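Asker: Any chance you could fold what I've pasted below:
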Amino acid sequence: HVQLVESGGGSVQAGGSLILSCAASGYIGSSYCMAWFRQSPGKEREGVVGIYTETRSTYFADSVKGRFTISRENAKKTLSLQLNSLKTEDTAMYYCAKFTAWGGSWYVEYWGQGTQVTVS
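Answerer: Numbers count the residues shown, from 1 in each chain. A predicted model of the protein is given here:
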């Protein structure tokens, strides 16, 4: 069983920055994909940033391209998300996830409990 624990959320003014972290525990394996999702009240949860294992390639939703960066340290089983130039529309609960990519889709195996980001 894998546990994912996010940290680093908070309140920030528009234009500011935050760093979110995700720490994994349990047996996560040596080959896995990780992502950050977010969900605002009344909206569906959306994948905003993903990093694939084998190719180390990344995916960024159009809404965050050029503003968010993702990094991972496999040895420490950590995943980070740097959020820059934050906008009020970035306000959401952010979730860390371990997923399997298949046929162009993401199949999430594990979710974190989420960390709130509020931009005013």
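Asker: Every contact and neighbour count from this point should use C-alpha atoms.
Answerer: Will do.
Asker: can you give me how far stretch 57-72 is from the chain middle?
Answerer: 9 Å (CA atoms, centre = their mean, to the nearest Å).
Asker: Can you list the buried residues in that stretch?
Answerer: 58, 60, 64, 68-72 (16 or more other CA atoms under 10 Å).
Asker: Over to stretch 95-113?
Answerer: For stretch 95-113, using 16+ other CA under 10 Å, the buried residues are 95-100, 106, 111-112.
Asker: okay, how far is it across that stretch, tip to tip?
Answerer: 7 Å (CA to CA, to the nearest Å).
Asker: With stretch 27-41 instead?
Answerer: Counting by CA to CA, the length from the leading to the trailing residue of stretch 27-41 is 33 Å.
Asker: Flag every buried residue along that stretch.
Answerer: For stretch 27-41, using 16+ other CA under 10 Å, the buried residues are 33-40.
Asker: which residues touch that stretch?
Answerer: 1-2, 45-54, 74, 79, 81, 91-101 (CA atoms under 8 Å, 6 or more residues apart in numbering).
Asker: circling back to that earlier point, quick check, nearest of the buried residues of stretch 57-72 to Gly16?
Answerer: Nearest to Gly16 among the buried residues of stretch 57-72: Phe68, at 11.9 Å, using CA to CA.
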